[in-house]
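Asks: What follows is a predicted structure for the sequence shown.
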Amino acid sequence: MRKLSALFMGVAFGACLSASAEASDQTALLAHASRTVDDMRADGTFGPSRDLLRRARAVLIVPTLVKGGFMFGAEGGDGVLIARTRHGWSSPAFYTIGSASFGLQIGLEAAHMVMFIMSDRALRAVEQDKFKLGAGAGLTIVTVGANAQGATSGNLTGDLIVWSSTKGAYGGLTLEGSVLAPDGDKNADFYGRPVSVPAILADHVRNPDADVLRHDLVAAR
């Protein structure tokens with residue numbers, strides 16, 4: 001009986017450690033997202049960032065988007081989606097972005113990315129279980145890089161406007177064909193129970209670990 005009790009306690013302790021590690025991962029991702037917003041603000045040539053934040057329905061922040069390979073290329077990363085509400089920025093929903101391609105490719109590229117979601121229909125699309133970026137989605141996507149000379153609020157119009165900063169052998173960030181999907185496990189671990197993306201963005205759940213990112217977005221306006 002004692003052995004069974006010890007075994008149960010060990011399993012429970014292991015589960016607690018695993019949940020704690022998952023929550024720590026989410027907290028680290030939120031901290032990296034805050035730094036990404038700071039990097040965007042520091043990009044002096046990207047003047048539209050403040051105006052876009054004022055007008056955006058939501059933003060998707062991906063602190064590390066990696067693309068690399070030889071012959072086969074893969075692109076992916078983890079991010080957070082946060083929406084505007086009547087009372088400020090919402091709680092964050094955790095997302096993944098990924099795509100695959102085939103071609104004569106070599107090198108490794110890392111980027112961080114902020115996607116401004118400018119319309120209600122774009123936000124509804126991103127809230128889906130899986131959303132594929134591309135012409136078939138019926139949304140206008142505009143991508144600009146760091147040091148985007150000439151970019152102004154007037155010439156950046158679209159449902160999705162993407163700012164990115166890239167390093168590596170590839171020439172730039174290509175999102176065509178990428179798939180956005182909520183990370184249900186991360187969301188459940190962060191909020192203590194399974195919760196849908198619309199419920200998160202409507203602020204039906206809260207976690208104080210997200211406060212720093214919300215405050216940084218307010219300061220960036």
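Replies: Happy to help now that I have it.
Asks: partners of the biggest strand by length in the chain in the sheet?
Replies: Identified as the longest strand of the chain according to DSSP state E is strand 72-85. Strand 72-85 has the following sheet partners, assigned by DSSP bridges: strand 58-68 (antiparallel), strand 88-89 (antiparallel), strand 93-102 (antiparallel).
Asks: Could you pull out the helices in the chain for me?
Replies: 2-42, 49-55, 120-126, 184-191, 197-201, 211-219 (DSSP state H).
Asks: which residues does residue 210 contact?
Replies: Under the criterion of C-beta atoms under 8 Å, 6 or more residues apart in numbering, the contact list for residue 210 reads 30, 82, 91, 92. Every residue, glycine included, has its C-beta placed from N, CA and C.
Asks: who are the neighbours in contact with the first one?
Replies: For residue 30, the residues meeting the contact criterion (C-beta under 8 Å, 6+ apart) are 80, 92, 209, 210, 212, 213.
Asks: what about it, distance to residue 133?
Replies: Separation of residue 30 from residue 133 (C-beta to C-beta, to the nearest Å) stands at 23 Å.
Asks: What of residue 111?
Replies: With distances defined as C-beta to C-beta, the gap from residue 111 to residue 133 amounts to 15 Å.
Asks: circling back to that earlier point, ok, which of the helices of the chain comes nearest residue 63?
Replies: Within the helices of the chain, the stretch nearest residue 63 is helix 2-42; the backing value is 3.6 Å (C-beta to C-beta).
Asks: so for the closest one, what's the average pLDDT?
Replies: Summarised as a single mean, pLDDT over helix 2-42 is 64.
Asks: same thing with stretch 122-129?
Replies: 90.
Asks: Going by neighbour count, which residues in stretch 29-41 are buried?
Replies: Buried residues in stretch 29-41, counted by 16 or more other C-beta atoms under 10 Å: 29, 30, 32, 33, 34, 36, 37, 40, 41.
Asks: The second one and residue 184, how far apart?
Replies: The gap separating residue 30 from residue 184 is 17 Å, by C-beta to C-beta.
Asks: got it, and residue 96?
Replies: According to C-beta to C-beta, residue 96 stands 10 Å off from residue 184.
Asks: Could you name every residue contacting both of these two?
Replies: The overlap between the contact sets of residue 96 and residue 184 (C-beta under 8 Å, 6+ apart) is empty.
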